[in-house]
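Chemist: Quick one: sequence plus predicted model below, questions after.
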Amino acid sequence: MRTFEYRLFVKKHQAHLLMQCLKETRFLYNEMLESVKAQYEEKGTFPSKYDLEATLAPPSPSPLQYIQNIADFTLGHNRPIPNI
């Protein structure tokens, strides 16, 4: 397996957008993780992917595919989050 490293030379505006994306990803992940933990403590079960996505999909400004990818990652489906 090979590993490649690339250095990005971004402008201030691009760096701001990247940081905003990373902050939103962290927020969504933490919200989903909190939901998973709360349901497990209350019922002893884990939420389905559908239930987890439904908790954040409607009010969130993020694209639905983005939320689905984070839900997969939160539930441990071992898929990397693309475009990060």
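Modeler: Thanks, I have it.
Chemist: I'd like the mean pLDDT over the strand or helix carrying Ala15, please.
Modeler: Per DSSP states H and E: Ala15 is located in helix 12-43. Here helix 12-43 scores 88 as its mean pLDDT.
Chemist: what's the offset of that helix from the middle of its chain?
Modeler: Distance of helix 12-43 from the chain centroid (Cα atoms, centre = their mean, to the nearest Å) equals 6 Å.
Chemist: Which secondary structure elements does that helix sit against?
Modeler: helix 49-56, helix 64-74 (3 or more Cβ pairs under 8 Å, 6 or more residues apart in numbering; DSSP states H and E). C-betas here are computed from N, CA, C, even on glycine.
Chemist: pLDDT score for the residue nearest the centre of the chain?
Modeler: Nearest to the geometric centre of the chain sits Ile70, at 3.0 Å (Cα atoms, centre = their mean). On the pLDDT scale, Ile70 is placed at 75.
Chemist: same question, the one 10 residues further on
Modeler: pLDDT, Pro80: 51.
Chemist: quick one on the thing from earlier: how far off helix 49-56 does the helix holding Ala15 point, in degrees?
Modeler: Taking axes from the mean of the first three to the mean of the last three Cα atoms, to 10 degrees, one finds helix 12-43 and helix 49-56 inclined to each other by 120 degrees.
Chemist: List the buried residues for helix 12-43?
Modeler: Residues of helix 12-43 classed as buried under the neighbour-count rule (16 or more other Cβ atoms under 10 Å) are Thr25, Leu28, Glu31, Met32, Ser35, Val36.
Chemist: Export the residues you listed as a markdown table, with columns for distance to Met19.
Modeler: Below are the buried residues of helix 12-43 laid out as a markdown table (distance: Cβ to Cβ, whole Å):
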| residue | distance to Met19 |
| --- | --- |
| Thr25 | 11 |
| Leu28 | 15 |
| Glu31 | 19 |
| Met32 | 21 |
| Ser35 | 25 |
| Val36 | 26 |
